[in-house]
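Undergrad: Mind folding the following:
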Amino acid sequence: MKRKLSVIVLTAALNTALILNGCGAGSDKSSQNSSMDSGYDTSMNHAADDSAYEMSAEQESGSSQSNKAEMKEIAAEDMDIADMDAGEGADSASLNGIVENNPKNQTQKLIYTYNYSVETKEFDAFYEKISKKTSQIGGYVESSETNGSVSDGINRYASLTLRIPADKMEQIISLLNSDSNITYQSRSSENVTLRYIDMESHLKALRTEQETLLQLMEKADKLKDVIALQSQLTQIRYEIESYESQLRSYDNLVDYSTLHLEISEVERTTNVASTKTSFFEEAGNRLSDTVYGMGQWLRSAAIWLISSIPVLIPVAAIIAGVMVFMKKKKKQKQSQDENQETNS
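TA: Predicted coordinates for the structure are as follows:
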């Protein structure tokens, strides 16, 4: 009986050792499987020899096979769990690394600025169409300046600064291409993503500090402590408001692109050379522009001359009178000189 109890205790100890070996199998799956199987077989063989006096061969064999199968199943489950955890950990680390290192996964804060110079023969209609389109797509006119007058015969000129929703800027560009002659265009962008994220981090830290100071204010029982905490809270609130204001400004600049638009009223649009324009075509266009420019200058000179007649006639009369008076004085002087020579 004592021998039987010792065999049972030995078997239980071996089972416990095998379970512990199975739990550590995740680090080296192939080597642990072979070690576990060989150790298990050797231990079970010794146990079978010692219990041969009390158990039959069939019972020992059945118990051995049952225990072995059970232990292998437990070890396999432990190893699968360990492999799964390791795989999930590796996948999670890999995914986190991709998200952190790939800037495309972060929301880009881009500020776009456009500059356009256009010509139009219908100044009033084009100006009204641009203003109406800007309002329709949710934009607004930030500043506007107009020079020139039809009554004075001077072509008008307008300088506009428009704030257009970034996702609807193409609608304004299409309008400029279809209803005006574009003589100059440019686009620039500024990436403020890092500055924006840095401000958000500072703002989060300041809010956390503010909450901590408020908690300390509730526990403070001395007047000087309350005054000191209140001073720190005032400074932190000022910094929080400053960061919030800058973030709102950035949000506005990102959401609304800026368009600097210069509109010139012309009677004849300028020929803009392109890459497809041949040498002779470009030369002909330049000659035509030069001739037109000279004609416009002569026209302007004639208009100025005609409009200045009320001023030019009195000025001309005064100049003529002065010249006649000087001529008479000169003749009188000459006659006096001749008389003196004769008398002498």
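Undergrad: the helices in this protein, which residues?
TA: With helices called from DSSP state H, the chain shows them at 2-23, 29-50, 57-101, 123-136, 169-179, 193-219, 223-255, 279-307, 309-343.
Undergrad: avg pLDDT for the shortest one?
TA: Looking back up the chat, that one is helix 169-179. Mean pLDDT, helix 169-179: 95.
Undergrad: tell me which residues in that helix are buried?
TA: Across helix 169-179, burial judged by 16 or more other Cβ atoms under 10 Å covers Met169, Ile172, Ile173, Leu176. All C-beta spots, glycine's among them, are computed from the backbone N, C-alpha and C.
Undergrad: give the contact list for the closest residue to the second one other than its chain neighbours.
TA: The shortest distance from Ile172 to any residue other than its chain neighbours is 5.6 Å, reached at Ile164 (Cβ to Cβ, 6 or more residues apart in numbering). Under the criterion of Cβ atoms under 8 Å, 6 or more residues apart in numbering, the neighbours of Ile164 are Thr134, Ile137, Gly139, Ile172, Tyr256, Ser257, Thr258, Leu259.
Undergrad: Contact partners for the fourth one?
TA: In other words, Ile172. When contacts are taken as Cβ under 8 Å, 6+ apart, Ile172 is in contact with Ile130, Lys133, Thr134, Ile137, Gly139, Leu162, Ile164, Leu259.
Undergrad: just the buried members of those?
TA: Buried among the contacts of Ile172 by 16+ other Cβ under 10 Å: Ile130, Lys133, Thr134, Gly139, Leu162, Ile164, Leu259.
Undergrad: just checking, the last one touches Val118?
TA: No - if you go by Cβ atoms under 8 Å, Leu259 and Val118 don't touch, sitting 11.3 Å apart.
Undergrad: quick revisit: and which of the buried residues of helix 169-179 is nearest Gln210?
TA: Met169 (38.9 Å; Cβ to Cβ).
Undergrad: rewinding a little: tell me which of the buried residues of helix 169-179 is nearest to Lys331?
TA: When these are ranked by distance to Lys331 (Cβ to Cβ), Leu176 comes first, at 70.4 Å.
Undergrad: Verify the contact between that closest one and Val118 for me.
TA: Yes - here Leu176 reaches Val118: they are 5.8 Å apart, a contact under Cβ under 8 Å.
Undergrad: quick revisit: tell me which residues form a beta bridge with the residue nearest to Ile172?
TA: Ser257 (DSSP bridges).
Undergrad: For Val118, see how far away it is.
TA: 15 Å (Cβ to Cβ, to the nearest Å).
Undergrad: Could you pull up the contacting residues of Met294?
TA: By Cβ under 8 Å, 6+ apart, Met294 has no neighbours at all.
Undergrad: pLDDT score for Arg195?
TA: Looking at Arg195, its pLDDT reads 95.
Undergrad: With that, I have no additional questions.
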